[in-house]
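Undergrad: Sequence plus predicted model, see below.
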Amino acid sequence: MGKVKQLKIFPVIFFPSDNSVEVVPSKWLSPDQQLCPFPITQPINFKQTQKNSVADVAWPIWNAKLRELTDITASDKRAKELLSKQESSGEEAIHHSNTYVPTSTPLAPMATTELELPEPETPAIVVNQPVVSEPDAQAENITTYQLIDPNVTTLLAEFRKFQETSLQNQLELKHEIEELRGLIRHLQTLTVNRNQEDSVQGDQVQFPLRNLEELVQCEEFLKISTNFEKQVQLLSRIGGTGVAKTVNNALKFVLVHELAINLRYTPKSGKTALGGTLTAGLVRESVKRFYRADTDPVIKLKTTDDELNSLIAKWFRDSTGRGEHGRQRRTKNAQANEDPVNPEDSGSEADANSGDC
């Protein structure tokens with residue numbers, strides 16, 4: 001083996017609590033090189049104490065990081081260089097709220113203040129080549145020794161990967177929360193609108209209408225546009241095998257026979273006129289809605305307002321042929337060997353405009 005080079009080596013220590021760099025004897029460091037005692041205020045002749053003496057047991061013990069090992073002849077200068085590089089690079093140190101480890105924590109002194117470093121056969125110690133920076137181009141070459149721990153590099157890589165994953169998860173969670181908030185706002189709006197609608201609507205109208213008083217109440221109810229639209233949707237589901245049958249089915253749903261025989265579409269007969277009322281409009285619009293998707297041009301012609309009004313008027317005229325009186329008349333006709341007439345289906349389009357309204 002080569003000749004062992006005897007050097008009096010001092011550690012250069014970085015204190016994260018105040019971002020300071022100091023040179024201390026090796027025996028001041030804890031065995032794991034993570035703790036180091038150091039006075040809050042440096043006493044007189046501290047430089048001499050720094051080089052030759054043991055640490056005072058009254059000093060607080062701080063978290064520390066070993067930066068490098070350097071020869072005693074250049075230790076102070078090297079510490080200043082590291083501190084200057086620390087400040088100029090803007091490196092952020094991990095602060096510990098300026099707290100220190102309680103002095104009750106025992107420190108095991110290092111074996112010796114002098115490290116015997118053999119020639120570069122030791123794998124744990126790497127000898128850096130002399131580094132000459134631009135500001136210190138004329139400075140003498142300094143041989144330093146840096147300890148390398150492969151576990152630290154692995155831990156740092158894993159921590160950075162964890163940070164990236166955590167930030168990505170936080171971003172996705174933020175987007176999901178925004179979507180959830182939007183859904184909640186939408187549901188709240190629907191609830192408010194539903195409550196307002198219910199407060200306006202009050203009691204729903206009950207079909208079929210049985211008397212003139214209920215007809216008047218129905219007119220008031222249908223004055224609210226949302227009520228009218230909902231009732232159109234309801235009646236449009238009834239339908240029929242033809243336009244006239246669809247009109248008749250809608251009218252039978254809305255009015256009982258006892259009320260229908262006292263109504264007419266126009267006031268010519270002296271009875272209550274339904275023409276021009278919202279109830280008549282409800283019947284017309286429901287029939288139109290039922291045939292809305294039908295593209296047959298004949299159907300389009302038969303579902304105009306004039307045609308539908310004629311069918312409504314005919315249904316009222318034929319109301320006298322329905323009910324008990326109608327059954328008696330059909331029985332009499334059958335006895336006379338005449339074909340019975342079914343007034344429920346009498347609203348054919350061919351006779352829509354005949355007779356008084």
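TA: Received the coordinates, thanks. Numbers count the residues shown, from 1 in each chain.

Undergrad: Please count neighbours and contacts with C-alpha atoms only from this point.
TA: Will do.

Undergrad: Now do the contacts for residue 295.
TA: Under the criterion of CA atoms under 8 Å, 6 or more residues apart in numbering, residue 295 has no neighbours.

Undergrad: Just confirm it is within a helix.
TA: No: counting by DSSP: H, G, I helix; E, B strand; the rest coil, residue 295 is not found in a helix; it is coil.

Undergrad: what's it sitting at in phi/psi?
TA: The phi/psi pair for residue 295 (degrees, to the nearest 10) reads phi -100, psi 0.

Undergrad: next one: residue 22
TA: Residue 22 has phi and psi values of phi -140, psi 160 when expressed as degrees, to the nearest 10.

Undergrad: Test my guess that it contacts residue 16.
TA: No: proximity of residue 22 to residue 16 does not meet the contact threshold set by CA atoms under 8 Å, at 11.5 Å.

Undergrad: okay, now residue 283: neighbour count?
TA: 26 (other CA atoms under 10 Å).

Undergrad: With the one 10 residues further on instead?
TA: Residue 293 has 8 neighbours, counted by other CA under 10 Å.

Undergrad: Please apply the same query to the one 10 residues further on.
TA: Using other CA under 10 Å, residue 303 has 21 other residues around it.

Undergrad: Is it in contact with residue 289, as I believe?
TA: No: Residue 303 lies out of contact with residue 289 (CA under 8 Å); the separation is 9.8 Å.

Undergrad: State the helix or strand in which residue 13 lies.
TA: For residue 13, the host element (DSSP states H and E) is strand 9-15.

Undergrad: Just after the lengthiest helix in the chain, pick out the following helix or strand.
TA: As assigned by DSSP state H, the longest helix anywhere in the chain is helix 150-201. Using DSSP H and E, the helix or strand that follows helix 150-201 in sequence is helix 212-222.

Undergrad: That following helix vs helix 150-201, what angle?
TA: In terms of direction (axes from the mean of the first three to the mean of the last three CA atoms, to 10 degrees), helix 212-222 departs from helix 150-201 by 140 degrees.

Undergrad: tell me which residues in whichever helix or strand comes after helix 212-222 are buried?
TA: Past helix 212-222, further along toward the C-terminus, the next helix or strand under DSSP H and E is helix 225-235. By neighbour count on 16 or more other CA atoms under 10 Å, the buried set for helix 225-235 is 227-228, 231-232, 235.

Undergrad: next one: stretch 205-223
TA: 205, 208-210, 215, 218, 221-222.

Undergrad: coming back round to it: just checking, what packs against the strand holding residue 13?
TA: Judged by 3 or more CA pairs under 8 Å, 6 or more residues apart in numbering; DSSP states H and E, strand 9-15 is in contact with strand 20-23, strand 65-71, helix 75-89.

Undergrad: ok, now with 6 Å
TA: When contacts are defined as 3 or more CA pairs under 6 Å, 6 or more residues apart in numbering; DSSP states H and E, strand 9-15 sits against strand 20-23, strand 65-71.
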